[in-house]
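1. below: sequence and its predicted model.
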Amino acid sequence: MNNTELKALKPRDKQYSVADGDGLSVQVKPTGSKLWRYRYRYDGKQQMLSLGSYPDVSLADARVKLAAARTILAGGTNPSTVRKDAKAVKVAATVAKVHTLEILTRAELEQRLKDEKISEAHYTRTLNSFIKDVYPTLGDTHIADVTIEDIAIAVSTVAERGAVESSRKLFYALGKIYRTLITKDLKNKGAKKYNLTKNPCGDIDISTLVGAESKTHYPTITDDAGVKALLLNIDAYTGDYMVVMALKVLSHTFLRSYNIRHAEWSEIDFKDKLWRIDGSKMKRKQDFILPLSKQMIVLLKELEKVSGDARYLFPSFKSKTTPLSDGTLLGAIRRMGYTTDEFVPHGFRSMFSTIANEKSKFSLEIIDTQLAHSVGNSVSQAYNRAKYLDERKKLMQWWSDYLDGVKS
């Protein structure tokens, strides 16, 4: 058979084959497609090997492939087995490349951010830590091939440069991702996608490796003059209206920045003067009720005129369907002239705690309950949140009155 004859082959009602020699033939389908086939016997059985389609594989190329297959057969090996083995190696290499530590950790972090399980700040901080301290040495390693020693070296290297707390956060982030991937494999009922048999972080005592955990203290302001100056600076801030209002609400509620930025109008109950926050948004994953003072009601009514038609109290500058971006409130505080050592948005919590304990009549237990701190076991915590609600209403009104008083 030559090229002219090959091109001249026309489709028929049924497929047919035309031999070229040495077991090579071209199979012509009723659709007009032409497929190269090599028919041979191995171990006494008839075998067939596909060599591609014409014209993608020319007559000359088909004969080269035929020669290679006949050489393998002459050596006592089935050419079909060789092809399957090569394909398996290629698939394994592809999986190994897809399931590297870098690809999977990036994907997991992005999914958590999308599901709002972590904040943008948490996402950025964790990813940057991985990029700096994990990916250079372990990024291309298959997730299942990372050892306990690999994790220990990566984490302790961070601690050795003096960033002990960063090393702990890195360790916990890696451990959580491994637990998630292992759980996903278990949900597949034995069909392991990642081939993970063990969490390499599971057998490491992080306190022994890098030292005991230290308590974080956020910079705050607790003297009356300093509080007054801060409140007046917020009033005078010439930035975006939403940022100003968010800082005012933050000062009266001392919630975490995440709760302020992700606050939704559906959570606000003007009738009962309560702000009900779902546990999924809280650090301790427990539903939280925040009584609204008279001043807070005024602020929210004013804000409602601007963003009441949006999902969030404080939508982003770009879209009403997304909240203010992380870092917006901190950026405003910086532009007011406060350094990271002087004040941060989280400092409103410490401000309230210190001043309320020093100047108010309310007990530590009520103050801590209002801060959404753990007070007692889970049963007593739920009981306290309901039991102290009346006192907490008085506490929140006292706090708003204090802020107004110190400012004027």
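-> The structure has been received and is ready for your questions.
2. what ranges of this structure fall below the confidence cut-off?
-> Residue ranges of the chain with pLDDT under 70: 84-97, 189-192, 212-217, 374-387.
3. quickly note the distance from Gly223 to Leu232.
-> Careful, residue 223 is Asp; it's not Gly. To Leu232, Asp223 is 14 Å away according to Cβ to Cβ, to the nearest Å. Yep, even glycine has a C-beta here, placed from its N, CA and C like the rest.
4. scratch that, Trp399
-> 18 Å.
5. who's more crowded, the two?
-> Each of Trp399 and Leu232 has its neighbours counted (other Cβ atoms under 10 Å); Trp399 has more, 25 against 11.
6. check contacts around that one.
-> Contacts here follow Cβ atoms under 8 Å, 6 or more residues apart in numbering; on that basis Trp399 touches His252, Phe254, Ser293, Phe352, Ala356, Ser360.
7. okay, strands next: where are they in this structure?
-> 16-21, 24-28, 34-42, 45-54, 268-269, 274-277, 288-291 (DSSP state E).
8. grab the longest helix from this protein for me.
-> Using DSSP state H, we find that the single longest helix of the chain is helix 164-187.
9. possible to save the strands of the chain as a markdown table with mean neighbour count and distance to Thr77?
-> A markdown table is the format used below for the strands of the chain (neighbours: other Cβ atoms under 10 Å; distance: least, Cβ to Cβ, whole Å):
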| stretch | mean neighbour count | distance to Thr77 |
| --- | --- | --- |
| strand 16-21 | 13 | 22 |
| strand 24-28 | 21 | 19 |
| strand 34-42 | 18 | 9 |
| strand 45-54 | 15 | 12 |
| strand 268-269 | 16 | 74 |
| strand 274-277 | 18 | 68 |
| strand 288-291 | 20 | 69 |
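10. now the helices for the stretch 301-408 of the chain?
-> Listed from the start of the chain, the stretch 301-408 of the chain has helices (DSSP state H, counting those that start in this stretch) covering 328-335, 347-359, 364-370, 378-387, 389-407.
11. show me the protein divided up by domain.
-> The chain breaks down by automatic domain parsing into domains covering 3-88, 101-210, 224-407.
12. okay if I get those domains as a markdown table plus distance to Tyr218?
-> Below are these laid out as a markdown table (distance: least, Cβ to Cβ, whole Å):
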| stretch | distance to Tyr218 |
| --- | --- |
| domain 3-88 | 55 |
| domain 101-210 | 13 |
| domain 224-407 | 5 |
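13. figure out how far stretch 98-114 is from the centre of its chain.
-> 7 Å (Cα atoms, centre = their mean, to the nearest Å).
14. mind exporting that stretch as PDB, just the C-alpha atoms?
-> In PDB, the C-alpha atoms belonging to stretch 98-114 read as follows (Å, rounded to 0.1, in the frame of the first residue of the first chain):
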ATOM      1  CA  VAL A  98      -0.900  17.500  41.000                       C
ATOM      2  CA  HIS A  99      -0.800  16.200  44.600                       C
ATOM      3  CA  THR A 100       2.300  18.100  45.700                       C
ATOM      4  CA  LEU A 101       2.300  19.900  49.100                       C
ATOM      5  CA  GLU A 102       2.300  23.300  47.400                       C
ATOM      6  CA  ILE A 103      -0.700  22.600  45.100                       C
ATOM      7  CA  LEU A 104      -2.800  21.000  47.800                       C
ATOM      8  CA  THR A 105      -2.100  23.500  50.500                       C
ATOM      9  CA  ARG A 106      -2.800  26.400  48.200                       C
ATOM     10  CA  ALA A 107      -6.100  24.800  47.100                       C
ATOM     11  CA  GLU A 108      -7.200  24.100  50.600                       C
ATOM     12  CA  LEU A 109      -6.400  27.700  51.800                       C
ATOM     13  CA  GLU A 110      -8.300  29.100  48.900                       C
ATOM     14  CA  GLN A 111     -11.300  26.900  49.500                       C
ATOM     15  CA  ARG A 112     -11.400  27.900  53.200                       C
ATOM     16  CA  LEU A 113     -11.300  31.600  52.200                       C
ATOM     17  CA  LYS A 114     -14.100  31.100  49.700                       C
END
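15. list the buried ones in it?
-> By neighbour count on 16 or more other Cβ atoms under 10 Å, the buried set for stretch 98-114 is His99, Thr100, Leu101, Glu102, Leu104, Thr105, Arg106, Glu108, Leu109, Arg112, Leu113.
16. filter the residues you listed down to the ones in helices?
-> Leu101, Glu102, Leu104, Thr105, Arg106, Glu108, Leu109, Arg112, Leu113.
17. against Thr141, how distant is the third one?
-> This means Leu104. For Leu104, the distance to Thr141 - Cβ to Cβ - is 11 Å.
18. so which of the helices of the stretch 301-408 of the chain comes closest to Ile204?
-> Shortest distance between Ile204 and those, using Cβ to Cβ, is found for helix 378-387: 28.6 Å.
19. specify the beta-bridge partners of Leu24.
-> Beta-bridge pairing for Leu24 (DSSP bridges): Gly21, Tyr38.
20. just the one 10 residues further on next, same as before
-> Beta-bridge partners recorded for Lys34 (DSSP bridges): Val28, Tyr54.
21. so it touches Tyr54, yeah?
-> Yes - Lys34 lies in contact with Tyr54 (Cβ atoms under 8 Å); the separation is 4.1 Å.
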